[in-house]
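Enquirer: give the three-dimensional model of this entry:
(one chain, ligands or ions: 1)
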Amino acid sequence: MVGPLSPTTWGRWVLDKDTCLVVLERITTLCPAPFGFYSVQPLEYLAVLSVSRHPKPKFSSTMTVGPSASPKGVFANGPQRRSWWKEASVYQIYPASFCDANGDGFGDIPGVVSKLDYLKALGVDVVWLCPVYESPQVDMGYDISDYRSIHGPYGSMDDVETLIDGLHQRGMKLIMDLVVNHTSDQHEWFQESKSSKDNPKREWYVWKRPRIDDQGNRHPPNNWASIFGGSAWSYDEHTGEYYLRLFAREQPDLNWENPAVVRKVHDVMDFWLSKGVDGFRMDVINLISKTPGFPDAPITIPHDEFQPAHIHYAYGPRLHEFLRGLRRILDKYDAFSVGEMPWVDDERDVIRAVAADRMELNMIFQMDIVSIDYGPEGKFSPKPWTLPSLKAIVEKWQTYMYNNNGWNALFLENHDQSRSVSRFTPHRPTSRKYAATMLATFIGLQAGTLFIYQGQELGMANLPESWPTEEYKDVETQTLYQLTLDKLAGDDVAMNQLLGEIRLKARDHSRSPVQWDSTKNGGFTAGVPWMRVNDDYSGCNAEQQASDQTSVLSYWRQVLKIRKLYLDIAVYGSFDMVDREHHAVICYRRTGETGRATVVANFTDHEQSWVPPQDIVSCLKDGIPLLANYDRPAQLSGDTLLLRPFEAFVSLETETMARPELLQEHKVGLLPQVVAIDAHSL
Ligand SMILES: [Ca+2]
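Expert: Predicted structure coming up:
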């Protein structure tokens, strides 16, 4: 049927009575098919043709994938399907550090309620609230002991209902965390499960008999390592068996092979969705299906008793079935889902979970950007990164999702990452707002659903270098520091390197309290904050920035408005990277049916000369400036663009350019509206 392609290029056939779905795993040549020849670039992957068996076959669905795939390729993509969650901007709240309403030093839900007008003014559509459920807080709320009640210090169920109502009254939505790979060991389900081998809930968790060696010694049932170190199994003396826990011993894994567990998870989702919650961020959702039989993991660390076992749980055999089950519940409410899927690196595996036709997740958090500086030994080993490598990641996911009817979640920060302005730019205090607004431009004009983490909209930075390690509260940071101190005592060079990495990447940086005003503790609490407020709060806080048209906060408001005003371009448009190689300047274009935006950003703290391609030059000459972080336009000298430190702007060509009356119709006033920042303060 398809001439010179060898049988190995045919991935698999899926047949039903009417159609024959052919999946080509890899195409490296001109590809003849019953409908003519298709020019496919070398090393493009995975073309899916749906071919009717009727006499006049035609395409019903096509995809091209791969590093060289182009939106203008032969398999043209149809228009992007529109959905409210694609057009939404999401604001993530880490409740302990957001706002403390009762003065006990911990943020709480009434604190969130008190800031709803602030969030509305920012222009976000959705609030994602990290776990606030009943929990012993072994893992900051990701160990839930009751899915239907609220952790006391955060507030009450009434407070959650007030929050939902307050958001809905303002036209915003709420998504909550769904943590269902595991529960807390204090959950009543686990308490019952461990009470005896014949308890009805025994099979709600994964219990296995010990492995006994030739000398009669007891061992865990297999060699899987816990993600937190040591064995993935904990022994229960009372019943003489081990239970599986991929994370802490206090976080037993639920047994998704048991239909009763799946039903209970669906019930929990129904409970919250019927209360008015609009969707979920799903914690480590790819781990819910494990290889049956729990075989040993391959030995990749020869001297360790326990081995990384991602191969047996990161992409298990029933994952897609389980995700479709979750989706059926979400669809009853037109609700939203974003999945966390660690250790799934292959884009083909990702698309199987997020492509629109798959009816699984809406999108996942893909981690390539936020692990760009992970060294050979992980997060806290150093690795210099380059702008071309960042551009390659951006281009890969932007074009891949566009071409495959998938969707990106755009983010530079969250509760597990440090502050982006400190991590990705070499800014000084005087240039911070340029750097922060440059990053807002870089991420904010890409295709996908935009996620902003609390304080990012203020350009909040990492903790001061002068702070001692005792100010770092995160168990990850403290454990690593103490272990390394024990191991490397006296090796000042190695310890200083570690400290440098902690100051750059520790999770503590994003967990310091939000800086609301210049009063004591940045207005976060009237009491003693659980974690020290960053020293810079008097110069970097929401109150001051709200009334300053040149602030980082004002700039973010503009970015969010532009996404709304130019949905066709900024949300649904195609993506083209312009100059892949330039070491300092990033330029990309977004093209929709009504126009095109060109985004330019200087990632460095000094001036750059850049010679753009000719069509970019004409766009810069003729386009209207939609957004810029300097008050005067970048200078074009001949064909060379001169960019100031961290300069970023967006230039727009659209059919409405010559028709100001159309611009008048926009809800937020005339464009272009350029945010002016005083260049002399650099
Ligand atoms: Ca409180």
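
Enquirer: list the contacts for the spatially most central residue of the chain?
Expert: With distances taken as CA atoms, centre = their mean, Phe365 lies nearest the centre of the chain, 3.2 Å away. Residues near Phe365 by CB atoms under 8 Å, 6 or more residues apart in numbering: 338-341, 409, 411, 414. The way it works is simple: take the backbone N, C-alpha and C, and place the C-beta from them, glycine included.

Enquirer: checking Phe280 next. Helix, strand or coil?
Expert: strand (DSSP: H, G, I helix; E, B strand; the rest coil).

Enquirer: what about it, distance to Phe336?
Expert: Distance of Phe280 to Phe336, computed by CB to CB, to the nearest Å: 7 Å.

Enquirer: which neighbours do the two share?
Expert: Residues touching both Phe280 and Phe336 (CB under 8 Å, 6+ apart) are 175, 330.

Enquirer: give me phi/psi at the residue of the chain positioned farthest from its centre?
Expert: With CA atoms, centre = their mean as the measure, the chain has its most outlying C-alpha, relative to the mean C-alpha position, at Gln215: 48.2 Å. Phi and psi for Gln215, reported as degrees, to the nearest 10, are phi -90, psi 0.

Enquirer: do you know how far it is from the ion?
Expert: Distance from Gln215 to the ion, counting by CB to the ion, to the nearest Å: 54 Å.

Enquirer: list the contacts of that residue.
Expert: Taking CB under 8 Å, 6+ apart, one finds nothing in contact with Gln215.

Enquirer: give me the number of residues near the residue in the stretch 401-550 of the chain positioned nearest to the ion?
Expert: Residue of the stretch 401-550 of the chain nearest the ion, by CB to the ion: Thr525 (7.2 Å). Residues lying near Thr525 (other CB atoms under 10 Å) number 24.

Enquirer: surely it and Asp100 touch.
Expert: Yes. Thr525 lies in contact with Asp100 (CB atoms under 8 Å); the separation is 3.8 Å.

Enquirer: okay, and the common contacts of these two?
Expert: By CB under 8 Å, 6+ apart, Thr525 and Asp100 have these common neighbours: 106-107, 513.

Enquirer: can you put these in TSV and add distance to the ion?
Expert: Putting these into TSV (distance: CB to the ion, whole Å) gives the following:
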residue	distance to the ion
Phe106	4
Gly107	6
Pro513	11
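
Enquirer: most surrounded residue in those?
Expert: Using other CB under 10 Å as the neighbour criterion, Pro513 leads the shared contacts of Thr525 and Asp100 with 29 neighbours.

Enquirer: not counting sequence-adjacent ones, nearest residue to that one?
Expert: Of all residues not flanking Pro513 in the chain, Phe524 sits nearest, at 3.7 Å (CB to CB, 6 or more residues apart in numbering).

Enquirer: who in this protein is up against the ion?
Expert: 100, 102, 104, 106, 108 (CB under 5 Å from the ion).

Enquirer: repeat the analysis, applying 8 Å as the threshold.
Expert: 100-108, 110-111, 153-154, 525 (CB under 8 Å from the ion).

Enquirer: what's near enough to touch the residue nearest to Pro513?
Expert: Listed by CB under 8 Å, 6+ apart, the contact partners of Phe524 are 97, 99-100, 107, 513-516, 533.

Enquirer: closest to His219 among those residues?
Expert: Proximity of the contacts of Phe524 to His219 (CB to CB) peaks at Ser97, which lies at 41.4 Å.

Enquirer: can you count the residues close to Lys473?
Expert: Lys473 is flanked by 16 other residues according to other CB under 10 Å.

Enquirer: again with Val138
Expert: Using other CB under 10 Å, Val138 is surrounded by 18 other residues.

Enquirer: which residue, other than its chain neighbours, is closest to it?
Expert: Leaving out its chain neighbours, the residue that sits closest to Val138 by CB to CB, 6+ apart is Glu250, at 4.5 Å.

Enquirer: for His182, see how far away that neighbour is.
Expert: Separation of Glu250 from His182 (CB to CB) stands at 9 Å.

Enquirer: any residues in contact with both of the two?
Expert: Shared contacts of Glu250 and His182, defined by CB under 8 Å, 6+ apart, comprise Asp143.

Enquirer: still on that earlier bit, can you pull up the bridge partners for the residue nearest to the centre of the chain?
Expert: Here Phe365 sits in beta bridges with Glu340, going by DSSP bridges.

Enquirer: now Leu178
Expert: For Leu178, the beta-bridge partners are Met282 (DSSP bridges).

Enquirer: just the pLDDT at it, thanks.
Expert: For Leu178, the pLDDT comes out at 97.

Enquirer: what do you get for Ser234?
Expert: Per-residue pLDDT puts Ser234 at 98.

Enquirer: rewinding a little: among the residues of the chain next to the ion, which ones are buried?
Expert: 100-101, 105-108, 110-111, 153-154, 525 (16 or more other CB atoms under 10 Å).

Enquirer: would you turn the residues you listed into a markdown table with pLDDT and secondary structure?
Expert: As requested, those are exported to a markdown table (pLDDT from 0 to 100; DSSP: H, G, I helix; E, B strand; the rest coil):
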| residue | pLDDT | secondary structure |
| --- | --- | --- |
| Asp100 | 98 | coil |
| Ala101 | 98 | coil |
| Gly105 | 98 | coil |
| Phe106 | 97 | coil |
| Gly107 | 98 | coil |
| Asp108 | 98 | coil |
| Pro110 | 98 | helix |
| Gly111 | 98 | helix |
| Pro153 | 97 | helix |
| Tyr154 | 98 | helix |
| Thr525 | 98 | coil |
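
Enquirer: which of the residues you listed sits closest to Ala353?
Expert: Nearest to Ala353 among those: Tyr154, at 30.6 Å, using CB to CB.

Enquirer: how about the nearest residue to Trp556, chain neighbours excluded?
Expert: Closest residue in space to Trp556, ignoring its immediate chain neighbours: Glu457 at 4.3 Å, by CB to CB, 6+ apart.

Enquirer: likewise for Phe306?
Expert: Per CB to CB, 6+ apart, closest to Phe306 is Ala225, 3.7 Å.

Enquirer: again with Tyr133
Expert: Ile144 (4.7 Å).

Enquirer: my guess is that neighbour meets Asn181, correct?
Expert: No. Using CB under 8 Å, Ile144 and Asn181 do not qualify as a contacting pair, with a distance of 10.8 Å.

Enquirer: which one's more surrounded, those two?
Expert: Neighbours were counted for Ile144 and for Asn181 using other CB under 10 Å; Ile144 has more, 28 against 22.
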